[in-house]
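# here is my input; please provide its structure:
(chains A and B)
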Amino acid sequence: MNSPPEPTNLAELQARFAAALRGPTRDGEAADPALITGIVDDGLEPAARLNLYRNNTRAMFFGALERGYPVIVRRVGDGYFQRLAAEYRDAHPSRSGDLHWIGENFPAWLAVRLAGTEYAWLADLARLEWACEEVLVAADVPAIPIEALGGVAPEVLPEMRLRLQPTLHCVSSAFPVWSVWRANQPDQPGDAIAADRGAEHVVITRTDDRPVLHLRPEAEVRFIAALASGACLQDALETSSSSVEDLPRALAWLFQNGLVVALEAPVPGEEE
Amino acid sequence: MNRDVRAAGRGPVGPIPVSAGIGLRSAHHESLVRERPAVGWIEAHTENYFHDGGPQLLALERARALYPLSLHGVGLGLGSAAPLDREHLRRVKRAIDRFEPALVSEHACWGQSGGEHFNDLLPLPQTEEALRHLASRVREVQDVFGRQILVENLSSYLAFTSSHLTEWEFLSALVEESGCGLLLDVNNIFVNSVNLGSDPQKFIAGVPQHAVQEIHLAGHLRKQVGQRVLLIDDHGSAVCPDVWRLFEAALRRCGPVPTLIEWDTDVPALDVLVAEAALADQYLERARELAA
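Next up, the predicted model:
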């Protein structure tokens, strides 16, 4: 019987090996004959040896995803989470040698995957959990005091930009994601929260090396999110449908929590 | 850079002492700094400290102020035929600049193909082609870092029919062609002897002893696969007697070398690791007496 020729160069060998790692996950599935020919058979089938790597790499991916989304795992259970993880891996395989990034696309992928189902709210919960991950790895920059605003001439105030802490993240959801997150922390009983309980809007910051979730009014969270994305004060008010009366409270909150790191005056000629 | 990290200041920057160290896991970040156990040095996985700021970085900076540090990479995939991930390389370099480790190491493995990373240490065939490729990658990385790196021998669950060199011949030639040092993982030598039928004593005898600048010790898991027992390199238990004996042989060949206790899964209390390190120190002491 003729064996197929083994891979002739490193790139081909690795491409075939990679395909075997990605491939169907059932044991005993026919493996790439050329790859198998290239693996020493000393009484233990090469396919069984390859399976060890296939299982390892899958476990590595699933483990990293689970660690990033503990509340989702708790809500949907291990079995369903594993199914989601397998589908997600097919759509978004790891693109980095750093495990941190494995969960990056999970919220957006879930939003499409669960759209129109009773679990659609999980995508927003995933956004919240990913934000908590991001909060933990962002740089911490010295904050400026609210007095810094005193030096700003009133006429340029609307065009000022507030640079916010890199640790700050905002999540607005039509679902009670903050309540679900809180009820499913390790020290909590893990209650189900009715998804129709209403919208919640959250600012996530870092205190004492932990993510802290602040439930805030919708307009304020949208205003802060607009500032965080680089909008000037006036544009942030407009896009968030906030009124000028809301401004002092929102600004006071940001400064009190050490979340403003710089004031940036408009640069002449840079306006649209 | 995180201001707290910068404010924490530098720690010991001398060479890694010829004594036993322990792998730093986040479960021990606090207890290590609080208890300051008598271990000679620490080793951290580089990729865990890639971030812009936050508690992980701060914890390493605190530990680093107390112990000499080695940074051990697991994600660069030096032997991948695909181009090196420049962003990953940049982040390793940033961690080196930030923490000023006394040693920097990676693995003789590959990890990505077709744009997908497998986040695992995948085996290379021991061929001339793989050797030339790996050596050129090691040189490239050493140029970027501006320093020598150590390359670690891998644990494997399979061997390629195309491998015409033994592992030790492959590593010797790698040292010759790239100027790298070696991180000799004695547990991996033992794991491969069971999984692949290689001769661990020949491995030790064939390794270029002057290139060995660090040794790794760890536990492994026995797993029944079909009719065979394979050893899974899970770093999840104490070092077994066979590996201690092989360690002794390695010290006879290489002389006393900084030795790390790795324990990455089912991580025990810090004092268990410290006790393993103390045991390794006894072996190092005997090797020192023999060498005297």
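# give the contact list for whichever residue of chain A sits closest to chain B.
Closest approach of chain A to chain B (CB to the nearest CB) occurs at A:Gly97, with a separation of 2.8 Å. (C-beta placed from N, C-alpha, C; glycine too.) Going by CB atoms under 8 Å, 6 or more residues apart in numbering or on different chains, A:Gly97 touches B:Glu47, B:Val74, B:Gly75, B:Leu76, B:Gly77, B:Asp85, B:His88, B:Gly111, B:Gln112, B:His117, B:Asn119.
# now do the strands in the stretch 51-200 of chain A.
Secondary structure of the stretch 51-200 of chain A (DSSP state E, counting those that start in this stretch): strands located at A:161-164, A:169-173, A:200-207.
# ugh, typo on my part, it should be chain B
With DSSP state E as the criterion, chain B has strands at B:20-23, B:42-45, B:69-72, B:103-107, B:110-113, B:116-122, B:150-152, B:181-185, B:212-218, B:221-225, B:228-232, B:259-262.
# residue 35 - nearest residue in space that isn't next to it in sequence?
Using chain A. Nearest residue to A:Leu35 in three dimensions, chain neighbours excluded: A:Arg16, at 4.3 Å (CB to CB, 6 or more residues apart in numbering or on different chains).
# look at chain B instead
Leaving aside its sequence neighbours, B:Glu35 sits nearest to B:Leu270 (CB to CB, 6+ apart; 6.6 Å).
# report the longest helix in the chain, please.
You didn't pick a chain, so chain A it is. Taking DSSP state H as the criterion, chain A has its longest helix at helix A:46-68.
# chain B, not that one
helix B:270-291.
# show me which residues of that one are buried.
By 16 or more other CB atoms under 10 Å in any protein chain shown, the buried positions in helix B:270-291 come out as B:Leu270, B:Leu273, B:Val274, B:Glu276, B:Ala277, B:Leu279, B:Ala280, B:Asp281, B:Tyr283, B:Leu284, B:Ala287.
# my guess is A:Leu128 meets A:Val203, correct?
No: look at A:Leu128 against A:Val203 with CB atoms under 8 Å: they stay out of range, at 11.1 Å.
# any shared contact partners between the two?
What both A:Leu128 and A:Val203 touch, as defined by CB under 8 Å, 6+ apart, is the set A:Leu213.
# returning to that earlier point: and the pLDDT for the residue of chain A closest to chain B?
Each residue has a pLDDT score; the one for A:Gly97 is 97.
# grab the nearest non-local neighbour of it.
A:Gly97 sits nearest to B:Gly75 (CB to CB, 6+ apart), 2.8 Å away.
# quick check: that neighbour touching B:Leu84?
No: B:Gly75 is not in contact with B:Leu84 according to CB under 8 Å; the separation is 11.4 Å.
# and those two? Which one has more around it.
Using other CB atoms under 10 Å in any protein chain shown, the more surrounded residue of B:Gly75 and B:Leu84 is B:Gly75, with 25 against 16.
# for that one, which residues are in contact?
With CB under 8 Å, 6+ apart, B:Gly75 has these contacts: A:Ser96, A:Gly97, A:Asp98, A:Leu99, B:Thr46, B:Glu47, B:His88, B:Gly111, B:His117, B:Asn119.
# now do 10 Å
With contact set as CB atoms under 10 Å, 6 or more residues apart in numbering or on different chains, B:Gly75 has these partners: A:94, A:96-99, B:45-47, B:50, B:85, B:88, B:91-92, B:106-107, B:111-112, B:117, B:119-121.
# now it. Its backbone dihedrals?
phi -120, psi 0 (degrees, to the nearest 10).
# residues contacting B:Ser198?
Counting by CB under 10 Å, 6+ apart, B:Ser198 makes contact with B:Ser156, B:Ala159, B:Thr166, B:Glu167, B:Trp168, B:Ile189, B:Phe190, B:Val191, B:Asn192.
# ok, and which of the residues you listed reach chain A?
With the criterion set as CB under 10 Å from any CB of the partner chain, the members of the contacts of B:Ser198 near chain A are B:Ser156, B:Ala159.
# now list the buried members of the contacts of B:Ser198.
So, by 16+ other CB under 10 Å, the buried ones in the contacts of B:Ser198 are B:Ser156, B:Ala159, B:Glu167, B:Trp168, B:Ile189, B:Phe190, B:Val191, B:Asn192.
# who's in contact with the third one?
Residues counted as contacts of B:Glu167 (CB under 10 Å, 6+ apart) are B:108, B:124, B:126, B:153-154, B:156, B:159, B:188-189, B:192, B:196, B:198, B:202-203, B:206-207.
# same question for A:Val141.
A:Val141 touches A:163-167, A:258, A:260-262, B:2-3, B:52-53, counting by CB under 10 Å, 6+ apart.
# quickly note the distance from A:Asn105 to A:Arg22.
Relative to A:Arg22, A:Asn105 is positioned 17 Å away (criterion: CB to CB, to the nearest Å).
# and A:Val73, by the same measure?
On the measure of CB to CB, A:Val73 and A:Arg22 end up 24 Å apart.
# and the nearest residue to B:Asn188 once chain neighbours are set aside, its phi and psi?
Excluding the flanking residues, the one nearest B:Asn188 by CB to CB, 6+ apart is B:Ser155, at 4.0 Å. Main-chain dihedrals, B:Ser155, degrees, to the nearest 10: phi -90, psi 140.
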